[in-house]
Structure formats: C-alpha cells, structure tokens
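Undergrad: what's the 3D shape of this:
(chains A and B)
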Amino acid sequence: MTASSAADFRDGATAHAAATNRSWLLVAMAAALVAMMVVALCAGRFSVAPGTALRIIAAQILPGGLEADWSSLQERIVLLVRMPRVLMAAACGAGLALCGAALQGVFRNPLVSPHILGVSSGASLGGAVAILLGVSGAGLVGLSFLAGAAALLLVGLLARIDGRSGVVTVVLTGVVVSALFSALVSMAQFLADPDSSLPAIVFWLMGSFAAAGWRQTLLAAPVILAGGLVIWAMRFRINLLSLGEDDARMLGVRVERDRWLIFAAVALVEATVVSFSGVIGWVGLVVPHFARLLVGSDHRILIPASALMGGAYLLLIDTIARTATTAEIPLGVLTAIVGAPIFALLLRQRQKQEMGE
Amino acid sequence: MIGLNGAGVRRGERWIFRRLDLQLGPGRCLAVLGPNGRGKTTLIRALAGLLPLAEGERSAPKEIGYVAQSIGDSVPYRCLDVVVMGRARRIGLFGSPSRADYRAAEHALAQVDGLRFADRFFNRLSGGERQIVMLARALVTGAEVLILDEPASALDLANQALLLSVLHQLRADGRHAILFSTHLPQHALCIADEALLMLGVEEHLQGAADTVMTEANLARLYGIPIHRARVAGTVEAVVPVFLDWPGTARS
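TA: Purely as a prediction, here's the structure:
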C-alpha cells in the first residue's frame, strides 16, 4: 500500500454505479409488466392463444402486415376490446402507485395514499352528481375531474396559514375535506333514484375498467403519463423533501413550491383515474411498500419501480375481476380484498426485520 | 459575513433572547455556550434563517452549511446519497446528482474521515456517526458559513478530536465563518476565537474566548464551580466540580 490516502479513495463512478446497480430489477419489473399485459390480452371468457394475440398486434405494427391465420372475432377482441382496457389498467395502476410512492416520501409517512389529498373524494362527488343529473360520458369525466381539482384547491387554501402549510396540516385538512365530500356523495346517493341512478353511482364508485375503449384510453393515458413524468422528473427532489422541512430548506429547496408542484401532479393523475374508472383504493398504498422492500427507499429507483409494479398489479386485479366470475367483480372491492392481507403481511415482515436488527 | 443586530426571538409572550448582537467574518469561529433551555438552539435556528426574528435584523448569505442537533431516524438512504444532497442548489428542480456531484460528496466524506460510512445506511448509524456524515453534507454545499448545533453532543472522545480538528482546519483555511453551540467549554477554548455566553434573556457576554470564559463567568453561566487549569503544560482544561463535599477525597 502506498502512503497516500487516495488508495482507499474510490472513484465517483463506482459510487454512482452502486446507486444504480439495481437497474436490472427495473428491467425485470418491466418484463413482468409486459408479460402480464400479454396474459391479460389472452385471458377472458373468449380466450386467445398468446402466439395469436402477439401476431395480431405485430400485424398492426409491422409495415408489411402478417398473413392472417386468426378469425376476425379474435382480432376484434384483442384489438378493440382488450387492448385499450389493458393499457388503461396498466396506466391507472402505474399512476396510482407512483403517486403513492411520491406522497409517502413527501409526507415522510408510509401510511399515506393518494386519497389523502381529498382528490378522490372530490372526483367521486363530481361523478356521483353527474350520474344524478343524468350526464354520462365526457360530461361525467369532466365534472369528476373538475371536482377532484377543486378538492385539492380547497385543501391547499385551508392548509395555508401565513403563506405556509405544514405537512401535518395538509394531511389533516385532506382528511377533513375528504370527509366532507364523502358526506356529500352519500347525500347524492340518498337523493338518487333507487332503481336507476343509485345502482349506477354505487357501481361507478366501486371502480371498473369495463367502459374503457380506445377513446377513453387515448384521453386518460396521456394525462396520467404527463403527471407521472413530472413526478418521475422530481424523484431526487422527493428525496430532498423526505428529509423534512428544515433540512430541505437549508439545502436550498423551495419546500412549499416543490411540494405543491408534486401535489398538483398527483391530483392530475388521481382525478383522471377516478373520473375514468371510479375509486380504486389500496394500489397507491400497498404497491410502494412492496417496491420499497425490493429496491429500497431511494425515490430515484422507487418511483419507476412503483410505477412498473403498480401497472402489473392492477392489470392482474382487473384480469381476475373480469375472468373469475361471469359477472365482473368491482375493482375497488378486489384491490381491498387482495391488498389488505398483503399489506398486513408486509407490515409484519418489516416489523420483524426492524426488531431483528 | 453573518450577523445579528439587536435580534430577539419570542415564543408567544415569552422572549427566548433579545437585544443580541453578533458579527462573524471569514476565518473566524464562534462558540455559543449556555445551560439547557437558555435558547442556544433557538439562536442557532434564527441565525440559520429557520426562525423569524421578532425584533432586530439578520444579515447572512443565502447558502449556509447547517448541521442540526438531532437528525431523524427516518432517513433510509445510503450515507453517500445523503451527503450528495448537499449539492441540491446546483441541481435543478428536475435534475439528479451527476458523477461530479458524487465525487464532491466523496471528497467531503474523506475530509471528515467518513468514507467508511459511504455505503452504509444513514438510519442505521449511531448518533455520533450521523453527526459526522451531516458535517460532510454541510461541507459539500460549498457554503462559507457553517452553523452547527451541538455538533459534538453524541461523539466519543476520539471523534470529538476529529471534529475539532476538521473545524480547526476549516477555520485556518480562512474561507469559512464557523459558528457552533456546545456544552463543552473546552471545545470552545480549543478552536473558537470568540465565545458567546448566554447568561440570560437579555444578558450576553461576548468576546475573545480565552478572556470571556473565566472561572467566574463559567460558574455564573452553569451555576456550579468550574476550574480552569493548564494540564501538561499546553492543554487548556475546564474542570467542572460536580461533587463537592468532604469525604470524596481519595486520601
């Protein structure tokens, strides 16, 4: 050994590599998501062989096309029925999980889910009112989205005291606003016609991708993608924000502005998801925990990992929802039935780990 | 470089301190001493700009390297990733640290002899190890003012020596203004040019460390007898008399 202390001084590059050496896990997760998409395309009451499904898609993409050895019914089912729904489910799952990961970081609280900002209750109220008024389609989506955004605005206004809003204040305000909007949803249900609009509201609130065609998917996916990209771009900021207010501020972070930028992006995603597919709970809470177990807490990798896992997870749930029984099981019900036990197991696992240390 | 002019901070009706003047330039080091609850941390936070002043003015650069007294258990990142966050000002809103940032972070860790922590998780370090990593993060900001709230409170004797030598070196380089609070008067005598004794809400004794920290002043500050002595010819020692009754003598 030379006397120089540079001998044990590692190159910055190796450290950088250490920070990203889990990127193979991301590749594996992306592969799992793609595999899940293929499964979802094939599964259903009218099942299609995976090879056929892939050739049907390839025929659309390849410039020369492929010789058709499948029926037009198969083609319609894969391209027009299942494809948009698969993309929608993947986008919504990815969006919800990524938002959950971001908020858990910003709030420094692993029990936070995207619903905490009141956006989903707001969007639910918008949707319920739309159904009550007999509005459907674009009107329902629009009203629901607007109400979701209004809920966030309300939380923002109420939580701001002297131009600042503490994290705890935001959470509490979110709870209050959520409670208020939930009560209004109940009021809407109370006023609804028990034969027509009441069941419509109830089913819509329980969440489903049954209505997802190309039109809906092409509207929703870009918005979710945009919100998700903003959050992904701010992944290092989220690390900084997760240090807590004082620390982040002393490091030059404009805490207030950055936090609300993330909230706005989350609201965009959450309101879009709710307005197109109803309230889907648990994904934004459970998936980030799972991802954290696999890739650690650094948001630079946790955010993309959560997105990939969330997409695959919600696809799996949706596939079960539409194949398990003849009638579709509402998504919100399934995510809770599957999510709650998984979450309980995860919590126990973590607790055991921490106690073992 | 950093200063307070007639500054005061109030919690509700109660003043924590007031009419406090303070000036610190580059190459200077100031130690803040006072008993528990006298407002050392409040003063430090006000200086850092984290608490608004109720009266007076504060002048300070935008960038300050700040080491808080206790750093949460809930920072589940590798130490090197924690240190690199010190570069946040150079990294845009949508950016992530580059190789150069990581190199700077390793440099800062090496400066505080903390490279061995680089790959360990911050929340699994002991309190003293965390303080060392936090010092590295403060250094990597490139800030010329360093404010440290009881930086040695959780350090063992060897690490106290390490911390003091790092701060001493920084002071000698002449670029930094260093301000720290401490419960150990000897630390102040070791490396501080000036000392600020917080005797009461409006009573502050400030001046050259060696002249302000007399036995009488220290005794008044802490309410117990304190001796100063020169040990082994060169070491300035501060010896508090914890137990003072007949019968404790060995003979």
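Undergrad: Let me know the helix or strand that the closest residue to chain A within chain B is in.
TA: Closest to chain A within chain B is B:Arg103: 3.4 Å, counting by CB to the nearest CB. Just so you know, the C-beta spots here come from the backbone N, C-alpha and C atoms, and that holds for glycine as well. Element membership of B:Arg103 [criterion: DSSP states H and E] is helix B:99-111.
Undergrad: what's the answer for A:Val266, then?
TA: helix A:255-277.
Undergrad: Can you pull out the low-pLDDT segments for the stretch 251-357 of chain A?
TA: Applying pLDDT under 70 to the stretch 251-357 of chain A flags residues A:356-357.
Undergrad: Same question for chain A.
TA: Looking along chain A with the criterion set at pLDDT under 70, you get A:1-21, A:163, A:356-357.
Undergrad: Can you tell me how far the residue nearest the centre of it is from A:Leu125?
TA: The C-alpha lying nearest the average C-alpha coordinate of chain A belongs to A:Leu96 (CA atoms, centre = their mean; 1.2 Å). To A:Leu125, A:Leu96 is 19 Å away according to CB to CB, to the nearest Å.
Undergrad: same check, this time on B:Ser153
TA: 51 Å.
Undergrad: who has more neighbours, the two?
TA: Taking other CB atoms under 10 Å in any protein chain shown, B:Ser153 and A:Leu125 do not tie; A:Leu125 has more neighbours (25 against 16).
Undergrad: so that one makes contact with A:Met187?
TA: No: the pair formed by A:Leu125 and A:Met187 falls short of the contact definition of CB atoms under 8 Å, at 9.1 Å.
Undergrad: B:Gln206: which element?
TA: Using DSSP H and E, B:Gln206 falls in strand B:204-208.
Undergrad: Send me that strand as PDB with only the CA atoms.
TA: Below are the C-alpha coordinates for strand B:204-208, written out as PDB (Å, rounded to 0.1, in the frame of the first residue of the first chain):
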ATOM      1  CA  HIS B 204     -25.000  38.000  26.800                       C
ATOM      2  CA  LEU B 205     -21.300  38.000  27.400                       C
ATOM      3  CA  GLN B 206     -19.300  38.100  24.200                       C
ATOM      4  CA  GLY B 207     -15.600  38.400  23.400                       C
ATOM      5  CA  ALA B 208     -12.400  36.600  22.900                       C
END
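Undergrad: Now do the buried residues in it.
TA: Neighbour-count burial for strand B:204-208 flags B:204-206 (criterion: 16 or more other CB atoms under 10 Å in any protein chain shown).
Undergrad: now stretch B:25-40
TA: B:27-34, B:38-40.
Undergrad: Show me what counts as buried in the lengthiest helix in chain B.
TA: Scanning chain B for the helix with the most residues, using DSSP state H, yields helix B:157-173. For helix B:157-173, burial by neighbour count (16+ other CB under 10 Å) applies to B:159-160, B:162-164, B:166-167, B:170-171.
Undergrad: Equivalent analysis for stretch A:227-234, please.
TA: A:227-228, A:230-234.
Undergrad: Which of these fall within helices?
TA: Reading helices off the buried residues of stretch A:227-234 with DSSP H, I get A:227-228, A:230-233.
Undergrad: Going by distance to chain B, which of those wins?
TA: The closest of those, once distances to chain B are taken by CB to the nearest CB, is A:Ala233, at 3.9 Å.
Undergrad: interface residues of the stretch 101-250 of chain B facing chain A?
TA: The stretch 101-250 of chain B comes close to chain A at residues B:102-103, B:105-106, B:110, B:115, B:118-119, B:124, B:141, as judged by CB under 8 Å from any CB of the partner chain.
Undergrad: and those residues, which are buried?
TA: Applying 16+ other CB under 10 Å to these flags B:102-103, B:105-106, B:110, B:115, B:118, B:141 as buried.
Undergrad: and A:His289, what are its phi and psi?
TA: Phi and psi for A:His289, reported as degrees, to the nearest 10, are phi -60, psi -40.
Undergrad: Which residues are in contact with it?
TA: A:110, A:343, A:346, A:350 (CB atoms under 8 Å, 6 or more residues apart in numbering or on different chains).
Undergrad: Please report how far it lies from A:Arg348.
TA: In terms of CB to CB, A:His289 sits 12 Å off from A:Arg348.
Undergrad: cool, B:Val9 as well?
TA: When B:Val9 is compared with A:Arg348 (using CB to CB), they lie 45 Å apart.
Undergrad: Of the two, which one has the most company?
TA: Neighbour count, other CB under 10 Å: between B:Val9 and A:Arg348, B:Val9 has more, with 21 against 10.
Undergrad: quick one: buried residues of the helix or strand containing the more buried one?
TA: For B:Val9, the host element (DSSP H and E) is strand B:2-11. Residues of strand B:2-11 classed as buried by neighbour count (16+ other CB under 10 Å): B:2-4, B:7-9.
Undergrad: what packs against that strand?
TA: Packing partners of strand B:2-11 (3 or more CB pairs under 8 Å, 6 or more residues apart in numbering or on different chains; DSSP states H and E): strand B:14-24, helix B:40-48, strand B:55-59.
Undergrad: Give me the residues contacting that strand.
TA: B:15-24, B:39, B:42-43, B:46-47, B:51-61, B:64, B:145, B:177, B:179.
Undergrad: Now the buried members of the residues you listed.
TA: Applying 16+ other CB under 10 Å to those flags B:15-20, B:22, B:24, B:39, B:42-43, B:46-47, B:51, B:53, B:56, B:58, B:60, B:64, B:145, B:177, B:179 as buried.
Undergrad: contacting residues around the nearest residue to A:Leu54 once chain neighbours are set aside?
TA: Closest residue to A:Leu54 apart from its sequence neighbours, by CB to CB, 6 or more residues apart in numbering or on different chains: A:Val38 at 6.8 Å. A:Val38 is in contact with A:50, A:53-54, counting by CB under 8 Å, 6+ apart.
Undergrad: Quick one: residues contacting B:Lys62.
TA: By CB under 8 Å, 6+ apart, the neighbours of B:Lys62 are A:Gly252.
Undergrad: now B:Leu33
TA: So B:Leu33 contacts B:40, B:181-183, B:185, B:188, B:195-198, B:213, B:221 (CB under 8 Å, 6+ apart).
Undergrad: again with A:Leu346
TA: Applying CB under 8 Å, 6+ apart, the residues near A:Leu346 are A:286, A:289-290, A:293.
Undergrad: filter the residues you listed to the buried ones?
TA: A:286, A:289-290.
Undergrad: Of the residues you listed, just say which sits nearest to chain B.
TA: Once CB to the nearest CB is applied, the member of the buried ones among the contacts of A:Leu346 that ends up nearest chain B is A:His289, at 12.7 Å.
Undergrad: pLDDT at the closest residue to B:Arg171 other than its chain neighbours, what is it?
TA: Spatial nearest neighbour of B:Arg171, chain neighbours left out: B:Cys29 (4.7 Å); criterion: CB to CB, 6+ apart. B:Cys29 carries a pLDDT value of 97.
Undergrad: Would you agree B:Cys29 is in contact with B:Ala195?
TA: No: counting by CB under 8 Å, B:Cys29 sits too far from B:Ala195 to count as a contact (9.8 Å).
Undergrad: one step back: so the residue nearest to the centre of chain A versus A:Ser120, what's the distance?
TA: Taking CB to CB as the measure, A:Leu96 falls 10 Å from A:Ser120.
Undergrad: which residues in the stretch 51-200 of chain B form strands?
TA: B:55-59, B:64-67, B:145-148, B:177-182, B:194-198 (DSSP state E, counting those that start in this stretch).
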